[in-house]
Structures are given as C-alpha cells and as structure tokens.
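In: just to be clear, the model below is a prediction. Sequence and coordinates:
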Amino acid sequence: MNNPTAHDTREWLGMPLKLIWGYIAIALFMTGDGFELAFLSKYIVDLGFTEAQSSNAFAVYGFAAAIAAWVSGVVAEIITPRKAMIIGFVMWAVLHVLLLILGLGQSNYAMILLFYGLRGLAYPLFLYSFIVMIVQNVEARQIGPSMGWFWTVYSFGIGVFGSFIPSFTIPMMGEMGTLWFALVFVVLGGLVAVFKLGHLTGKAKGDGLSTQEKLSELSRAITLLKNPQIAYASFIRIVNTLSLFGYAVIGPMYFTKNFEFTTSQWLQIWTVFFATTLVSNVFWGIVGEKIGWVRTIRWFGCIGMALSTLVFYYLPEWYNTVAPTGTAGTGEFMMAWIPAILLGWFVAAFVPMTPIFTTLEPTHKGAAISVYTLSAGLSNFAAPAIAGALLAMFPQNYEIVVLTFTACYIAAFGVSFLLKVQQPKH
C-alpha cells in the first residue's frame, strides 16, 4: 500500500511538517529521560554508596544503551520505526517503576544495577528509531535539516527541560518525587508515538526476510568496523561526548562537595550547557559544510572540547583561590557558567560525524547509522566507566578524571588526521 504522506514535502524552517508529531514525541520522552542525568549520581551517593559505585551504575546503564543503540536502527528497519519506538517506551516505563520501587526505594545496589541497566536498553530504541523514520519518510535533500531538528528537540528534552524542571521540582518534592514525575513526560511522549505516528510506519523491511537474513542485517553494523575509516570515525564519535556524560556523573558530586552548590544550582549550570547546544548544533552544521567536516571536528571539536573540559574544572577552582571575601560560592557558580557555555558550544562541532559515517559507507547507510549510534552509546558507557575506575583507585580525585578525558580528546585529534572522507567543496 502506498504511504499517503510519501510525497508530502511541506516544511517549516527545514522541519518536515509530516514529522512534527515525531519531534514532539522525542522532546517529551527525552525530557523525562533527562531528569536524572545531572543529579542521579549524587543521589546514589547520598543513599550511602561510594562515588565509584555510583559511576559504575552509570557505566552499566551506558553499556546497555550502547547495545540498544547498535541494534535500534536495524530493528526499526525490520519491524518499522513506530513499533520499535513503542517497545522502547513500554520498556522504559516498566523498568523505571521497578528501579524506583525495588532499587532506589530500597537502597538496594544490586537492584539499581539490574533495573537501571535494563532500562538503558529502552531509550535508544525510542530515540534512534526515529532517525530511521526520518530517512524513510523525507527526500534526500531534507535529511540534513531534519537531523538538525532531531538534535535540537533532543537537546531541548534531555538537556534544557530535563535539567531545568528538576532544578525546581527537587526542592519541592525531592529526588524521588522528581524521578516519579519524569514518568509523566515519558508516558506523554510514548502516547504521541502510539497515536500520532501511525501514518508514517510504511512497510517493514523484515516482512520479506528470513531469520538468518535478519541476523545478517543486524551484524552488518559490526562488520563495517573492519573498514579502518569507519573504525577511526567510531573512535572519534565515542570521544565526542565523553565530557558530556562524564561531567553528568562527576559534576554534581564535585561541585556540590567542593563549592557547596545546591543540586538546583548544578542543574541550572547543566541547563546552560544544553541551551547553548540549541544554537551550536545549527552553527557547526553550517560551518562543516563551508570549511569541511573533518577540519571542523579536528580543530573545533577535539581541541575545543579538550580546552573546555579543562576550563570546566580549573576556572571555578581558580576563582575559589582569588575570590574576594563574601563572594565565595556565588562567584564559583557564575564562573561555572562560562565553561558550561564553552562545552555546549564545542561539543556540537562533532555534528558532521553523521554525514561522515554515511559517506564512508554509501551502500550500507542503515548499518553506518547503526555504527554511529553504537559509538554514541559506547560514549555513554565509557565516560562513567573511566570515572568509576579512576575514582575507585583515587577516591575523590576528580582532577585525574578530567585530565583523562582531556587526553582522549587529544588522541581523537591525532586520529582525525587518519580520517579520509570526501567532503563538501570549501
């Protein structure tokens, strides 16, 4: 059956209007998913666990998210993106309730690891399946602007609303109340996917595939890593968001302990970071087309993030040593806004990674996207894993964690010189 919206090319500022409910679903869902991002690590410590244990919980979550990110693109192609989104939504809601009741509610570390880890499988299915929906339902010329809007609503959800709203709800209803409130946004986003995206499902690619063919399709994302260029790109994408996920883990512990920030203040700093990405995602997408993808990533992504990561740690520390009497605390809070803006500005310089993956493997774009999302998920795993390992060896030594992240960006800078990809004309 023909899709009645297949030839609907209407758009608003580059957003395909037929996908507008999908963008709304992503914004709502990721708002709920983002509630915990910048305060859960501290809350787990407040329950009586060590900083290393808290980081390790995030690492387990990140590993599960990496696996789900890898399979999400292929699963969405096999069973349709909408069905994959619905599965992700139901998994998230059920496992979140179990996490709150049996894990955090009982201060049971084993249950926290189990249900938080399993819940990590859910959001990539919902989030990344929508990328497949975009690719399946828009013309080639619309994919770039459509992806720009995708990352914009993602940032609005997980970062801006997901951080700003808890900065007000935590003082009113506490951390547990805020985590229960997150469920409201996830359910709303899931219901939008259930009832408003039916016209975009199309025919599932898996309808005509045998089980063996489906497994072969699923494994292609890994076999692509045999291509050295894809492997280089994957490493750079993993490094891309190390500081994002890393500071989400160590930031609330470090700033509330060393500078006596409130959790709400830290969340407001994190909101500033993500609010900056709303502009920088678009800016670096344009710059990448003008001066070249790799050049943008190398000089502004890798070097920019290396410097921003250091500034985020050292600028408040510096102010703490020179602060005039009476300005300690407030001054560090305002100083932290500067590196938050810098971090939000330069993390988006990696936006050209998406077209790099699909350009390197033009005949297997779906699998290339799966490698991209797998790499994004591995970043979610690697950042807390690095933090957890280092904090276990050097308790409360946040500086060594920051320096390690910085070294990773310098390594990615070096690897970028090995990356050879046909780029836009400058």
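Out: Noted; the coordinates are in hand. All values reported here derive from a predicted model rather than from experimental measurement.
In: alpha carbons only for contacts and neighbour counts from here, please
Out: Noted.
In: could you pull out the strands for the stretch 151-300 of the chain?
Out: Ranges of strands within the stretch 151-300 of the chain: none, based on DSSP state E, counting those that start in this stretch.
In: quick one: the helices in it?
Out: All helices of the stretch 151-300 of the chain, identified by DSSP state H, counting those that start in this stretch, fall at 162-196, 211-223, 228-240, 242-258, 263-291, 293-296.
In: redo these as JSON lines? Include mean pLDDT.
Out: Converted to JSON lines, those look like this (pLDDT from 0 to 100):
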{"stretch": "helix 162-196", "mean pLDDT": "95"}
{"stretch": "helix 211-223", "mean pLDDT": "70"}
{"stretch": "helix 228-240", "mean pLDDT": "96"}
{"stretch": "helix 242-258", "mean pLDDT": "91"}
{"stretch": "helix 263-291", "mean pLDDT": "88"}
{"stretch": "helix 293-296", "mean pLDDT": "92"}
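In: distance to Gln53 added to the ones you listed, as CSV?
Out: Output for the helices of the stretch 151-300 of the chain, formatted as CSV (distance: least, CA to CA, whole Å):
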stretch, distance to Gln53
helix 162-196, 19
helix 211-223, 30
helix 228-240, 22
helix 242-258, 11
helix 263-291, 20
helix 293-296, 37
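In: JSON lines for the ones you listed, including distance to Phe39 and mean neighbour count?
Out: Output for those, formatted as JSON lines (distance: least, CA to CA, whole Å; neighbours: other CA atoms under 10 Å):
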{"stretch": "helix 162-196", "distance to Phe39": "8", "mean neighbour count": "19"}
{"stretch": "helix 211-223", "distance to Phe39": "33", "mean neighbour count": "15"}
{"stretch": "helix 228-240", "distance to Phe39": "22", "mean neighbour count": "23"}
{"stretch": "helix 242-258", "distance to Phe39": "6", "mean neighbour count": "23"}
{"stretch": "helix 263-291", "distance to Phe39": "7", "mean neighbour count": "22"}
{"stretch": "helix 293-296", "distance to Phe39": "32", "mean neighbour count": "23"}
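In: to Ile79, which of those lies closest?
Out: Ile79 sits nearest to helix 211-223 of all the helices of the stretch 151-300 of the chain, at 10.5 Å, using CA to CA.
In: let me see the contact set for the spatially closest residue to Thr262 that is not a sequence neighbour.
Out: Leaving out its chain neighbours, the residue that sits closest to Thr262 by CA to CA, 6 or more residues apart in numbering is Thr256, at 6.0 Å. Residues in contact with Thr256 (CA atoms under 8 Å, 6 or more residues apart in numbering) are Thr262, Thr263, Trp266.
In: try Ile338
Out: Per CA under 8 Å, 6+ apart, neighbours of Ile338: Phe312.
In: got the phi/psi numbers for it?
Out: Reported as degrees, to the nearest 10, the phi and psi values for Ile338 are phi -60, psi -50.
In: any idea how far Trp345 is from it?
Out: 11 Å (CA to CA, to the nearest Å).
In: pLDDT weak spots in the stretch 1-150 of the chain?
Out: In the predicted model, the stretch 1-150 of the chain carries pLDDT under 70 at residues 1-9, 13-14, 140-141, 144.
In: switch the cut-off to 90
Out: By pLDDT under 90, the weakly predicted segments of the stretch 1-150 of the chain are 1-19, 37-38, 69-81, 128-129, 131-150.
In: ranges for the helices of it?
Out: For the stretch 1-150 of the chain, the helices defined by DSSP H, counting those that start in this stretch occupy 20-34, 40-46, 51-79, 81-98, 109-119, 122-137, 140-154.
In: what's the fifth one packed up against?
Out: Helix 109-119 makes packing contacts with helix 51-79, helix 81-98 when contacts are defined by 3 or more CA pairs under 8 Å, 6 or more residues apart in numbering; DSSP states H and E.
In: equivalent analysis for the third one, please.
Out: Taking 3+ CA pairs under 8 Å, 6+ apart as the contact definition, the neighbouring helices and strands of helix 51-79 are helix 40-46, helix 81-98, helix 109-119, helix 122-137, helix 211-223, helix 365-393.
In: for Trp293, which of those helices is the nearest?
Out: Nearest to Trp293, of all those, is helix 365-393, at 15.4 Å by CA to CA.
In: re the thing from before, to Phe195, which of the helices and strands packed on helix 51-79 lies closest?
Out: Nearest of those to Phe195, taken as CA to CA: helix 81-98 at 10.0 Å.
In: and that closest one with helix 20-34, angle?
Out: Helix 81-98 runs at 20 degrees relative to helix 20-34, counting by axes from the mean of the first three to the mean of the last three CA atoms, to 10 degrees.
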